[in-house]
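In: fold the following and give me the result.
(one chain, ligands or ions: 1)
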Amino acid sequence: MNTILMSLIMMTMTYEMPKLPYANNALEPVISQQTIDFHYGKHLQTYVNNLNSLVPGTEYEGKTVEEIVATAPDGAIFNNAGQVLNHNLYFLQFAPKPSKKEPAGKLGEAIKRDFGSFENFKKEFNAAAVGLFGSGWAWLSVDKNGKLHITKESNCYYHKNCYSTDCHCFYTMLK
Ligand SMILES: [Fe+2]
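Out: From the prediction side, this is the model:
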């Protein structure tokens, strides 16, 4: 591809909202339409808009959110890219009528091995999430030996994850 064409593509590259694979009211009564409207429609949209206004003219222009999170120092660009990436993972993991009640295969086996049972994993994961002060994320992460760990991070710090939950969504659900 010639340089001018590549430059034009990079200049016009914008970050977009993920398209939800379900209706805004499809997760009720677990997550209300009001919460999705607010959390997805306003909250995530703000991070996407911020990124689109912050990135042009910087060394991050033309980079994916994953590339920005992997390379940017702490600051507004990293924070907004991290929140876009985390929220994309968060919103795309839900299904209104999941075909299974718990993970199967390698993930299901690893959860049973490292947490005793899926029920116990849920208990520990929920305890980590509600124990976060302020805004943050609870993660199910895997280490280099394949062992699963529950971790929690404030703001937008990112882990390679299997599941995540976003604690500030509880605020909107309780409002
Ligand atoms: Fe959020």
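
In: where does this structure dip in pLDDT?
Out: 1-13, 155-175 (pLDDT under 70).

In: helices along that one, start to end?
Out: Taking DSSP state H to define them, one finds helices in the chain at 3-12, 33-38, 45-54, 65-71, 76-92, 105-115, 118-130, 168-174.

In: tell me what the second one is packed against?
Out: Under the contact criterion of 3 or more CB pairs under 8 Å, 6 or more residues apart in numbering; DSSP states H and E, the helices and strands touching helix 33-38 comprise helix 168-174. (C-beta placed from N, C-alpha, C; glycine too.)

In: ok so, going back, and among the helices of the chain, the most buried is which?
Out: helix 76-92 (a mean of 21; mean count of other CB atoms under 10 Å).

In: angle of that helix against helix 45-54?
Out: Interaxial angle, helix 76-92 versus helix 45-54 (axes from the mean of the first three to the mean of the last three CA atoms, to 10 degrees): 140 degrees.

In: check the offset of helix 76-92 from the chain's centre.
Out: 6 Å (CA atoms, centre = their mean, to the nearest Å).

In: for that helix, packing partners?
Out: Here helix 76-92 touches helix 45-54, helix 65-71, strand 161-166, going by 3+ CB pairs under 8 Å, 6+ apart.

In: export it as CSV, just CAs?
Out: Only the C-alpha atoms of helix 76-92 are listed here, as CSV (Å, rounded to 0.1, in the frame of the first residue of the first chain):
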residue,chain,number,x,y,z
ALA,A,76,-5.4,10.3,29.6
ILE,A,77,-4.7,8.2,26.4
PHE,A,78,-3.9,5.1,28.4
ASN,A,79,-6.8,5.5,30.7
ASN,A,80,-9.4,6.0,28.0
ALA,A,81,-8.0,3.2,25.8
GLY,A,82,-8.0,0.9,28.8
GLN,A,83,-11.6,1.7,29.6
VAL,A,84,-12.6,1.2,26.0
LEU,A,85,-10.8,-2.2,25.9
ASN,A,86,-12.2,-3.4,29.3
HIS,A,87,-15.7,-2.3,28.5
ASN,A,88,-15.6,-3.9,25.1
LEU,A,89,-14.7,-7.2,26.8
TYR,A,90,-17.3,-6.6,29.5
PHE,A,91,-20.3,-5.9,27.2
LEU,A,92,-19.5,-8.6,24.6
